[in-house]
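# I'll drop the sequence and a predicted model, then ask my questions.
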Amino acid sequence: MNQYKPRILVAKPGLDGHDRGVKVVARALRDAGMEVIYTGLRQTPEMIVEAALQEDVDAIGLSILSGAHMPLMARIMDLLAENEMTDIPVFLGGIVPNDDIPALETMGVQGIFGPGANMNEIVDFIWGRVRSRE
C-alpha cells in the first residue's frame, strides 16, 4: 500500500545565516513521514518559488530570523500568485512580532511559529493542510 508522502520545501530567505531551527523542523517533518526539500541559506524569493514549482511541493516552510519577514513574505506570496500557486500552504517560523501576524495572514501565510514552537504542533499543522490537497 502506498502511503501519501507530502513534499515540503523548506528555505531560508534573505541574508539570515542561522539555520539550526529550520533543520530541526526539517528533521521533524521527515520523521513524520514527509519528504523534505531544504534549499539552504540565503535564498531569494525567486529561487524559493522556482524550487517549489520545479519540485511540485505540497507546502512551503520558511524560516526568517532577520526581521525582514514582511518584505520577503510579500514578494514570495506575490510570486506564488503570479505562478498560480496560491493553493500551496505557506508557513513561517522565526522572530515575528505579534503586530505583524495579521498582515502576514492577510498575505496568505497560513501558519506562523515562533521560537520554541512545539514540533508536534508544526507537524500536525502541515498534515492538516496537505491532506486537504491529496
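Noted; the coordinates are in hand. Numbering: from 1, shown residues only.
# what about the helices in this structure?
Shown for the chain, the helices assigned by DSSP state H span residues 20-31, 45-55, 69-82, 101-107, 119-131.
# just give me the neighbour total for residue 65.
20 (other CB atoms under 10 Å). C-beta: built from backbone N, CA, C; applies to glycine.
# quick one: contacts for it?
16, 18, 21, 94-95 (CB atoms under 8 Å, 6 or more residues apart in numbering).
# go again using 7 Å as the cut-off
16, 18, 94-95 (CB atoms under 7 Å, 6 or more residues apart in numbering).
# next one: residue 103
Residues in contact with residue 103, defined by CB under 7 Å, 6+ apart, are residue 70.
# look up how far residue 100 lies from the nearest residue to residue 79 once chain neighbours are set aside.
In space, and not counting its chain neighbours, residue 79 is closest to residue 49: 4.1 Å by CB to CB, 6 or more residues apart in numbering. Applying CB to CB, to the nearest Å, the value for residue 49 to residue 100 is 21 Å.
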